[in-house]
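In: the sequence isn't on hand, but the structure is:
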């Protein structure tokens, strides 16, 4: 039995420029939230008065975030283990992790930390393939992940602002945070393995 050869996908009317424009403007909500997260993590109020190289780095971070922000809505497949391929496939994880690292290094004010946390929460909820993509199990309530993520964000923010860093019992909250993170990770992995009921 012979099969007809696969037809090549039609290109947009404008050729490469139109294709590039379409790619850079797709999933606009993801891109706006990811870019806002990256720029806010760079502490823009301090970056405005910084030297030119720092301003260029902030613009570069915004451009990289605009590229990296859209959700990768595809079933997981092993294509290559080169770091560039893995980073491109996992860019929606790399972007928030990098934003958190940059925010930790810049030491923003408390109001900016709250803004970063809100943007991080919104970005993760919008780009999470487990709740919003084609791999999301059908019939799962959409409010539950949002409420759980909001509660976790509030707990982390309160714990981060607790003035215990200089005290003798500072290791206790750190140990509890590590234990809670481990439990949440185990529960999330178990929920992903179990079939929807």
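Out: Alright, I've got the coordinates. Everything quoted here is computed from the prediction, not taken from an experiment. Residues are numbered from 1 along each chain as shown.

In: next structured bit after the helix or strand of the chain with the lowest mean pLDDT?
Out: Lowest mean confidence among the helices and strands of the chain (mean pLDDT, DSSP states H and E): helix 129-132, at a mean of 63. Using DSSP states H and E, the helix or strand that follows helix 129-132 in sequence is helix 143-161.

In: that next one - contacts with which helices or strands?
Out: Packing contacts for helix 143-161, counted by 3 or more CB pairs under 8 Å, 6 or more residues apart in numbering; DSSP states H and E, involve helix 110-127, helix 171-193. (C-beta placed from N, C-alpha, C; glycine too.)

In: what's the most buried one of the ones you listed?
Out: helix 110-127 (a mean of 18; mean count of other CB atoms under 10 Å).

In: now the angle between helix 143-161 and it, please.
Out: Interaxial angle, helix 110-127 versus helix 143-161 (axes from the mean of the first three to the mean of the last three CA atoms, to 10 degrees): 150 degrees.

In: nearest spatial neighbour of residue 125, skipping sequence neighbours?
Out: Setting aside the residues directly before and after it, residue 125 is nearest to residue 146 in space (CB to CB, 6 or more residues apart in numbering), at 5.7 Å.

In: tell me the confidence at the one you found?
Out: Per-residue pLDDT puts residue 146 at 73.

In: surely residue 94 meets residue 68?
Out: Yes: applying CB atoms under 8 Å as the test, residue 94 and residue 68 come out as touching, 6.7 Å apart.

In: what about those two, which has more around it?
Out: Set side by side, residue 94 and residue 68 show more neighbours around residue 68, with 23 against 15, by other CB atoms under 10 Å.

In: please name the nearest non-neighbouring residue to that one.
Out: Once flanking residues are discounted, residue 68 sits nearest to residue 91: 4.0 Å by CB to CB, 6+ apart.

In: tell me the contacts of the one you found?
Out: By CB atoms under 8 Å, 6 or more residues apart in numbering, residue 91 lies in contact with 67-69, 72.

In: report the lowest-confidence entry in the residues you listed.
Out: residue 72 (72).

In: how much space separates residue 100 from residue 38?
Out: 11 Å (CB to CB, to the nearest Å).

In: helix/strand/coil for residue 50?
Out: Under DSSP: H, G, I helix; E, B strand; the rest coil, residue 50 falls in the coil class.
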